[in-house]
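Undergrad: Okay, sequence plus prediction incoming.
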Amino acid sequence: MMFDIRERAKARLAGMAHPLALMLALAGLTAHASAQPSMNSGTAPPYAALFQQAQAIAPRLAESQASVRSAEGRALQAGLRPNPSVGFEVENIGIKEKDTGFAEVQATLSIGQPIELGGKRAARIAAGQAGIDAATARNRQAVIDYGYELAIAYAAAEAAQARVLLLEEAVAAAQEDVRAARALVDAGREADLRGVQAEAAATTAQAELETARADAQSAFAELSSLTGTSTPYTGVAESLLPLTANLPAPQPEPPVASPAVVAAEAEREAARRRVEVERTQAIPDVTPSLGVRRLTGHDETVFVAGVSVTLRLFDKNQGNIAAATAELEGANARLNAAKLEALSGWRSAAALARGADARVAASSQAAMASDEAYRLARVGYDAGRTPLVEVLLARRNVTLAQSATLDARVARVRAEAQLARLSARIPFGAAP
């Protein structure tokens, strides 16, 4: 019986330590998922499908889309002409003439239409369209950023659940070690200390498992919140982490302008257009009017015409021009900052991607080495040549190697998501 227990423990730990075991564990996360899970089910859809579905309900994307509609409304308003005005005046009310005793009452009905000079309306229309372009660019950036954050949250949730599976295997193996050690202690072949050491290792593994379970719940709660669903996810329908094995090496420079740079350029153009609008406001408008006047004393009706012009003596809109000019300077500064951040961000993400690839390769080799070390330690322990503490340490190294591989793959997902973000695309083939 003791031999069977040890063999089961060795088989379980050997399977966990093999470099392919992580991929098998990740695949096991989706074994229970349906072919097309819904947004309200406990299982999150594949990343690409989740991204498509979440675009309709994600709060931050809804806010960004509302900003575009708001800009369209302002552009519509900017193209409208000034409204005409209607006036009615009555003169000489209550004034008496010396001859007749009553004054000649005059009633005037007039219509005035302001005429904008200096290209005010054209400047407003251009500024309104520039505002739409800026809001659209920001919305595009918001979608790209959302795809980046969703990929990271998806990978974090998937990795958290994979770590739970790995630690469940570690706890099971630790419990097998406890039983094997207790059997040797009862047979008089080991001191009581060995059993205590095995139990301490099992308790530590159990504590780590509980921590991993809490982390998994937190990761899935964050994923659910990000997608705008009220029902927390408990699993993923498709593994994202293995996709990093086939990713190409990143280019040395970004292939296109990042969405942040495109948005900053659009906002700079919108700011420039607003400066033009404020400058045209300094030009006075003309309001011609045309009306009819009824002369009651002579029982006649006459036409009247007039024109009014605002005298720009004090208010020449200089304050608004200065404010708009300062906003343009700020937009230029933000554009320069966006260009520098995009370039440095790409280089940093490319370096992280290369480093993550190297870490995945190194951790896979470490997993094989720790697997062999554990196998030899168990063989030596069974023969009475290896102390239990070395067996426990070897098993601990197996878990650490698997966790390191998992962390490296998550880092590769983060790097790929950042590269996709800076090259104006959604990571892992998802379409915006």
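TA: Perfect, I can see it now. Numbering: from 1, shown residues only.
Undergrad: Give me the mean pLDDT for the helix or strand hosting residue 66.
TA: Assigning secondary structure by DSSP states H and E places residue 66 in helix 59-78. Averaged across helix 59-78, the pLDDT comes to 93.
Undergrad: Which residues does it contact?
TA: 54-55, 124-125, 127-129, 131-132, 134-136, 138-139, 142-143, 146, 228 (C-beta atoms under 8 Å, 6 or more residues apart in numbering). All C-beta atoms are positioned from the backbone trio N, CA, C, and that covers glycine.
Undergrad: show me where pLDDT drops low in the stretch 1-150 of the chain?
TA: The model of the stretch 1-150 of the chain has pLDDT under 70 over residues 1-41, 94-103.
Undergrad: can we see that at 80?
TA: 1-41, 92-105 (pLDDT under 80).
Undergrad: Repeat that for the stretch 251-400 of the chain.
TA: 296-299, 378-379, 381-389, 391-392.
Undergrad: What sits closest to residue 286 if chain neighbours are left out?
TA: Once flanking residues are discounted, residue 286 sits nearest to residue 115: 4.9 Å by C-beta to C-beta, 6 or more residues apart in numbering.
Undergrad: so of the contacts of helix 59-78, which ones are in helices?
TA: Among the contacts of helix 59-78, the members falling in helices are 54, 124-125, 127-129, 131-132, 134-136, 138-139, 142-143, 146 (criterion: DSSP state H).
Undergrad: Nearest to residue 333 among these?
TA: residue 134 (15.9 Å; C-beta to C-beta).
Undergrad: show me the contacts for the closest one.
TA: 71, 263, 266, 267, 269, 270.
Undergrad: Against residue 259, how distant is the most centrally placed residue in the chain?
TA: The centre of the chain sits closest to residue 146, judged by C-alpha atoms, centre = their mean, with a distance of 2.8 Å. Residue 146 sits 11 Å away from residue 259, taking C-beta to C-beta, to the nearest Å as the criterion.
Undergrad: So residue 110 belongs to a strand, correct?
TA: Yes - under DSSP: H, G, I helix; E, B strand; the rest coil, residue 110 falls within a strand.
Undergrad: which non-adjacent residue is nearest it?
TA: residue 291 (2.8 Å).
Undergrad: What does that neighbour show for phi and psi?
TA: phi -160, psi -180 (degrees, to the nearest 10).
Undergrad: so it bridges to which residues?
TA: Bridge pairing for residue 291 (DSSP bridges) gives the partners residue 110, residue 304.
Undergrad: Please list all residues in contact with it.
TA: Here residue 291 is in contact with 87, 108, 109, 110, 111, 303, 304, 305 (criterion: C-beta under 8 Å, 6+ apart).
Undergrad: Now with 10 Å, please.
TA: Residues near residue 291 by C-beta atoms under 10 Å, 6 or more residues apart in numbering: 86-89, 108-112, 302-306.
Undergrad: Only the buried residues of stretch 316-327, if you could.
TA: 317, 320, 321, 324, 325, 327 (16 or more other C-beta atoms under 10 Å).
Undergrad: which of the contacts of helix 59-78 count as buried?
TA: Buried among the contacts of helix 59-78 (16+ other C-beta under 10 Å): 54-55, 124-125, 127-129, 131-132, 134-136, 138-139, 142-143, 146, 228.
Undergrad: does residue 161 really touch residue 240, like I thought?
TA: No - if you go by C-beta atoms under 10 Å, residue 161 and residue 240 don't touch, sitting 11.7 Å apart.
Undergrad: mean confidence score for stretch 187-205?
TA: 78.
Undergrad: who's in contact with that stretch?
TA: 2, 167-186, 381, 384, 387-389, 391-393, 395-396, 399.
Undergrad: ok now it, how far from the chain's centre?
TA: 48 Å (C-alpha atoms, centre = their mean, to the nearest Å).
Undergrad: Now it: buried residues?
TA: Across stretch 187-205, burial judged by 16+ other C-beta under 10 Å covers 190, 194, 195, 197, 198, 199, 201, 202, 205.
Undergrad: Pull up the gap between residue 50 and residue 327, please.
TA: Counting by C-beta to C-beta - residue 50 and residue 327 are separated by 38 Å.
Undergrad: Equivalent analysis for residue 179, please.
TA: Distance from residue 179 to residue 327, by C-beta to C-beta: 73 Å.
Undergrad: How about residue 159?
TA: 44 Å.
Undergrad: How about residue 281?
TA: 15 Å.
Undergrad: same thing with residue 368?
TA: 60 Å.
Undergrad: and what of residue 396?
TA: 59 Å.
Undergrad: residue contacts, residue 178?
TA: Counting by C-beta under 10 Å, 6+ apart, residue 178 has contacts 194, 195, 196, 197, 198, 199, 200, 201, 202, 203.
Undergrad: I'd like to know how many residues surround residue 44.
TA: A count of nearby residues for residue 44, using other C-beta atoms under 10 Å, gives 30.
Undergrad: okay but it is in contact with residue 224, surely?
TA: Yes - counting by C-beta under 10 Å, residue 224 is a contact partner of residue 44 at 8.0 Å.
Undergrad: Need the residues touching each of the two.
TA: Residues touching both residue 44 and residue 224 by C-beta under 10 Å, 6+ apart: 153, 157, 232, 233, 234.
Undergrad: wait, isn't residue 407 in contact with residue 159?
TA: Yes - contact criterion C-beta under 10 Å: residue 407 and residue 159 qualify, at 7.7 Å.
Undergrad: list the contacts for residue 246?
TA: Not one residue lies near residue 246 by C-beta under 10 Å, 6+ apart.
Undergrad: To clarify, my last question referred to residue 350.
TA: Applying C-beta under 10 Å, 6+ apart, the residues near residue 350 are 249, 250, 251, 252, 253, 254, 415, 418, 419, 422.
Undergrad: Run the chain-centre distance for the helix or strand hosting it.
TA: Assigned by DSSP H and E, residue 350 belongs to helix 318-382. Computed by C-alpha atoms, centre = their mean, the chain-centroid distance of helix 318-382 equals 16 Å.
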